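>>> here you go, sequence then predicted model.
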Amino acid sequence: MSQYEDTCMIKGDGGRTLRAVLDRICDKWTLLIVVTLDQGRLRFTDLQRQVPGISQRMLTLTLRNLERDGLLTRTAYAEVPPRVEYELTPTGRSLIAPALTLAGWAIEHIADIEASRTAYGERGKAGR
């Protein structure tokens with residue numbers, strides 16, 4: 001059995017659990033939110049301001065999922081107006097190093113990827 005097969009079968013469920021976790025951390029917004037929260041606890045509006053392009057609804061949904069998965073904590077303060085802050089848990093903080101490694105890989109290879117995309121597009125035009 002290859003290392004990949006062994007990894008996918010870690011829970012004996014055909015890889016469903018692993019795919020669900022990877023779906024969560026590799027979605028469009030999760031890593032941006034996690035890396036933003038690495039600087040410390042933030043209020044919802046501050047977080048929305050620092051994650052470019054995210055809608056209020058998508059930020060709310062992503063934060064709920066991250067809280068459910070144990071990657072961040074939500075603290076509501078009984079004040080007027082109400083104040084809610086989000087902070088990474090130790091599990092959430094453990095995602096920073098792999099996220100930065102992945103971002104570094106993307107930065108290192110973006111020129112190659114863009115060149116491949118251009119060449120692929122040109123081949124597609126030529127085949128029409």
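Nice, thanks for sending it over.

>>> by contact count, what packs against the lengthiest helix in the chain?
The helix spanning the most residues in the chain, taking DSSP state H as the definition, is helix 96-126. On a contact count with 3 or more C-beta pairs under 8 Å, 6 or more residues apart in numbering; DSSP states H and E, helix 96-126 meets helix 30-37. Yep, even glycine has a C-beta here, placed from its N, CA and C like the rest.

>>> give me the residues contacting the helix it packs on.
24-25, 42, 47, 50-51, 54, 59, 62-63, 65-66, 71-72, 86-88, 92, 95-96, 99-100, 102-103 (C-beta atoms under 8 Å, 6 or more residues apart in numbering).

>>> just the buried residues of these.
With burial judged by 16 or more other C-beta atoms under 10 Å, the buried subset of the contacts of helix 30-37 is 25, 42, 47, 51, 54, 59, 62-63, 65-66, 71-72, 86, 88, 92, 95, 99.

>>> out of the contacts of helix 30-37, which are inside helices?
Counting by DSSP H, the part of these found in helices is 24-25, 47, 50, 59, 62-63, 65-66, 92, 96, 99-100, 102-103.

>>> ok, of the residues you listed, which one's closest to residue 111?
Taking C-beta to C-beta as the measure, residue 111 lies nearest residue 103 of those, at 15.2 Å.

>>> I'd like the distance between the closest one and residue 112.
16 Å (C-beta to C-beta, to the nearest Å).

>>> equivalent analysis for residue 60, please.
Distance from residue 60 to residue 112, by C-beta to C-beta: 37 Å.
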